[in-house]
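Trainee: Here is my input, please return the structure:
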Amino acid sequence: MRFVQGSRYLILSVLLLFMSASASAQNTTDIAGIWRTEGYAWVFDISSTSVTAYQVTDATCVSIIETEDIAYETDSVLLRDVQFPGIAALLAEPSDVLLTLAEDVLIFDEGGVVPIHATRIDALPPSCLDGIEDPTDPEANFEAFWNMFAENYAFFDLYGVDWNAVYDTYRPQVNADTSDAELFDILQATMAGITDAHINIIASPIQVFSAGQYAEWTQDQDEEVIAEYVNLIVDNYLIDEPQLLANEQIIYGHLSETVGYINFLSMYEFSTDGDDIAALESAMATLLADLSDVETIVIDVRFNPGGADKNAVYIAGYFTDVSTLAFSKQVWDGETFLELHDITIEPTAGEHFSQDVYLLTSNFTTSGGEVFTMAMTALPQVITVGETTQGAFSDILIVFPPNGWLVTLSNERYISHDGQVVESLGILPMIEEPMTSEALQAGVDPVIDRVLMLIDGQ
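Mentor: The predicted structure is shown next:
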């Protein structure tokens, strides 16, 4: 049996989560009014007949959603078939968005482990009063880009970047005659010195820039090399027929009669209907039953580019019998980090595995894969082996420039259960074992070999 890791944009997963938002009704209160989120740069203008959503900074305002296709409940408003503009429309189908009121706080649950909250404001921000006359204007697009980063990107200090100096360098290079290609190059150049895998610029016609660094062993050929590695494990290490579950995002089997193996290829798209938790519940019940004969489980997230935090934390719940602090997170609002939210691993219903777990990580392990790693390392029986992870934890904040391009950035800080902030640094393995292209060519997996030796007491 052969396995090929398909090409997936993490941005697509975020859009899908964003566009399948839901929240539960709680209070009977008038939801109409103007609301500004705490961080995240959103403003919602809700009337009796329409909803308009903006991305706002002190200097810029971009209208993202304008719809009259809405349905009111006593304390919520449903936006039907929302289609985000520009390139985003190519990446995600129209979907519903639900905004719910609870104790005079507007809840915008875009699928993360912490919903976005908004509070009432008296009027639209001044930057929204004039609007943008020409959405293709390169100067307006540079301003929107720079200001969104200035007020929302959380890690300039971490990378030693003076964002005001960046403005002074690159703003004079943009004028009314700047072409799209030139603007793309200039925006890309502003990212010099930043290696954040959650910074992406997608332009039209399709050009993609990512500030992240490739794992050395993939040699900038992620899809092909990962497929080779997965096939190597299947062919050379599993002693039984590998099984696929959850929309082929999980592979599992036995490395020996007493050692099970689970590979989570991503932290999203576990289902075809959008209900990943239900798909995971079924998949985990099946695989834990099939692995009930083992004494140790090896979990592999070396090839995991990320996905949804809620999926990561949910899976971790199968490996503990007690509530455990996984991590904490908080959003940056341009001046400070706001309220700290503790995220807890809750034991799931059904079977749990509480014996030894070896968790394999690599420099390719990113985002939701790293959040899973952070959660699992809070459990006492988990030993991490492999390489340091990528170091991109924050949920992606999607930025919609006026011209229809798509930009993403990091605006949240994650703090591990023991108080560590490892953004850009990644999570160090307890036992280091690098991956190499030479090992792949030789048909061996040094990380699995090392784990099997550790299990055997060598």
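
Trainee: can you list the weak-confidence ranges in the stretch 301-450 of the chain?
Mentor: Applying pLDDT under 70 to the stretch 301-450 of the chain flags no residue at all.

Trainee: could you redo the last one with a cut-off of 90?
Mentor: For the stretch 301-450 of the chain, applying pLDDT under 90 flags the ranges 350.

Trainee: tell me the contacts of Gly212?
Mentor: 195-199, 366, 390, 392 (CB atoms under 8 Å, 6 or more residues apart in numbering). Every residue, glycine included, has its C-beta placed from N, CA and C.

Trainee: Now the buried members of the residues you listed.
Mentor: 196-199, 366, 390, 392 (16 or more other CB atoms under 10 Å).

Trainee: which among those residues gets closest to Ser127?
Mentor: Ile199 (23.3 Å; CB to CB).

Trainee: per-residue confidence at the closest one?
Mentor: Note for Ile199: predicted pLDDT of 98.

Trainee: Got the phi and psi for the closest residue to it other than its chain neighbours?
Mentor: Closest residue in space to Ile199, ignoring its immediate chain neighbours: Ala211 at 3.9 Å, by CB to CB, 6 or more residues apart in numbering. Listed backbone geometry of Ala211 is phi -80, psi -10, with angles given as degrees, to the nearest 10.

Trainee: same check, this time on Met148
Mentor: phi -60, psi -40.

Trainee: mind checking how far it is from Pro85?
Mentor: 15 Å (CB to CB, to the nearest Å).

Trainee: between these two, which one's more packed in?
Mentor: The residue with more neighbours, out of Met148 and Pro85, is Met148; 24 against 19, by other CB atoms under 10 Å.

Trainee: For that one, give its distance to Glu339.
Mentor: Using CB to CB, which is the criterion applied here, Met148 is 22 Å from Glu339.

Trainee: so where do the helices sit in this structure?
Mentor: 10-19, 88-91, 127-130, 138-152, 156-159, 163-170, 180-189, 222-236, 276-290, 309-316, 368-376, 437-442, 446-455 (DSSP state H).

Trainee: list the buried ones in the second one?
Mentor: By 16+ other CB under 10 Å, the buried positions in helix 88-91 come out as 88, 91.

Trainee: likewise the fourth one?
Mentor: By neighbour count with 16+ other CB under 10 Å, helix 138-152 contains the buried residues 138, 140-152.

Trainee: And the third one, by the same measure?
Mentor: Along helix 127-130, these residues count as buried under the neighbour rule (16+ other CB under 10 Å): 127-128.

Trainee: what does stretch 282-298 give?
Mentor: 283-285, 287-288, 290-291, 294, 296-298.

Trainee: Check stretch 438-447 too.
Mentor: Those would be 439-440, 445-447, for stretch 438-447 by 16+ other CB under 10 Å.

Trainee: do the same with stretch 320-336
Mentor: 320, 324, 326-333.

Trainee: got a list of contacts for it?
Mentor: By CB under 8 Å, 6+ apart, stretch 320-336 touches 38-40, 113-114, 150-154, 313, 316, 337-347, 352, 354, 371, 374-375, 378-379, 411-417.
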